[in-house]
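K.L.:
heads up, no residue letters with this:
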Ligand SMILES: C[C@](O)(C(=O)O)[C@H](CC(=O)O)C(=O)O
Ligand SMILES: [Mg+2]
């Protein structure tokens, strides 16, 4: 009930302990606190909060328009809704090295377990698009050093992302990854790897955990957890998967509603009222204050059955 009872420090420790090479810990993305208990219940290892998704959710492209305040607020709301550790995308760190240090402190205060900071020039773009502009080595390493210096909880994970692969090739990306580790990165996010062999090369080259980005419609094929584990990947993110699934479902339902004049044919695909109430733990709040909850779900309404709206439901 209410929020997570696991403290941010405990979540950070848990993240550190789970990130071992070859573990391929799965972190599905979510843009809403409501999905966090769902991810937890399905047995995943942690939660990813995508910069692209938080921008898109605001109706914006992922080109560095969102602010530190917006990201911190939303990421904090999501982190609070789960006992799992949450890793957030901090884009280019929201400014110069001193700003990057402040970014880390804000994210620590919001209860995040870690963040990643990338070496693109602002305006940045999705790592799987062409035409990215990169900052030089010195700027990239200064960002990471500033992030490490700003951190107050030594377990807060500073992950360095390098976008260099798509611009200058794998060797350049590996060299940069090593330099970023030397600057203080606790983990590496090699963006836009072409194949499994490239993930293996990065994993072999650095002594810190490596992340694999399994974003759909990107430059990397969608490898299985087992495949990524076999080359040494420690953590896998599915950044936009739930947003794409949700938006696909919304579009299909709107088409049905528009074509049929009723949403009836789409109801069986929807999450039921009962399941939704389970996710927000109505029952838990009821044991706290019996005045809150007076809604019993008859067995027949626990299933998705079109046209079976119970009378009681409208009284809630
Ligand atoms: C991981 C990523 O940075 C994100 O913001 O989720 C994006 C994902 C995407 O746009 O598909 C990325 O740059 O890869
Ligand atoms: Mg991003």
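P.N.:
Looks like it arrived, so ask away. Quantities reported herein were computed from a predicted structural model and do not represent experimental measurements. Numbering: from 1, shown residues only. Ligands and ions are numbered 1, 2, ... in the order given.
K.L.:
Show me which residues of the longest helix belonging to the chain are buried.
P.N.:
Across the chain, the longest stretch assigned as helix under DSSP state H is helix 241-260. Buried residues in helix 241-260, counted by 16 or more other CB atoms under 10 Å: 241, 242, 243, 244, 253, 256. C-beta coordinates here come from the backbone N, C-alpha and C atoms, glycine included.
K.L.:
Counting by contacts, list what it packs against.
P.N.:
Packing partners of helix 241-260 (3 or more CB pairs under 8 Å, 6 or more residues apart in numbering; DSSP states H and E): helix 51-57.
K.L.:
ok, the helix it packs on near ligand 1 or not?
P.N.:
Yes. Helix 51-57 lies in contact with ligand 1 when judged by CB under 6 Å from any ligand atom; the contacting residues are 51, 52, 53.
K.L.:
List, one by one, the residues from the stretch 101-250 of the chain near ligand 1.
P.N.:
That would be 126, 127, 128, 213, 215, 218, 239, 240, which are the residues of the stretch 101-250 of the chain within reach of ligand 1 (CB under 6 Å from any ligand atom).
K.L.:
Quick check: the residue lying closest to the third one once chain neighbours are set aside vs ligand 2, distance?
P.N.:
Beyond its immediate neighbours in the sequence, the residue positioned closest to residue 128 (CB to CB, 6 or more residues apart in numbering) is residue 218, lying 3.6 Å away. Here the distance between residue 218 and ligand 2 works out to 12 Å (CB to the ion, to the nearest Å).
K.L.:
give me the number of residues near residue 218?
P.N.:
For residue 218, the count of nearby residues is 18 (other CB atoms under 10 Å).
K.L.:
cool, residue 198 as well?
P.N.:
Applying other CB under 10 Å, we find 18 residues neighbouring residue 198.
K.L.:
which stretches of the stretch 201-316 of the chain form strands?
P.N.:
Secondary structure of the stretch 201-316 of the chain (DSSP state E, counting those that start in this stretch): strands at 211-213, 235-238.
K.L.:
what's the closest of those strands to ligand 2?
P.N.:
If you check each of these against ligand 2 by CB to the ion, strand 211-213 wins as the nearest, at 9.0 Å.
K.L.:
Walk me through which strands that closest one pairs with, and which way each runs.
P.N.:
Strand partners for strand 211-213, identified by DSSP bridges, are recorded as strand 235-238 (parallel).
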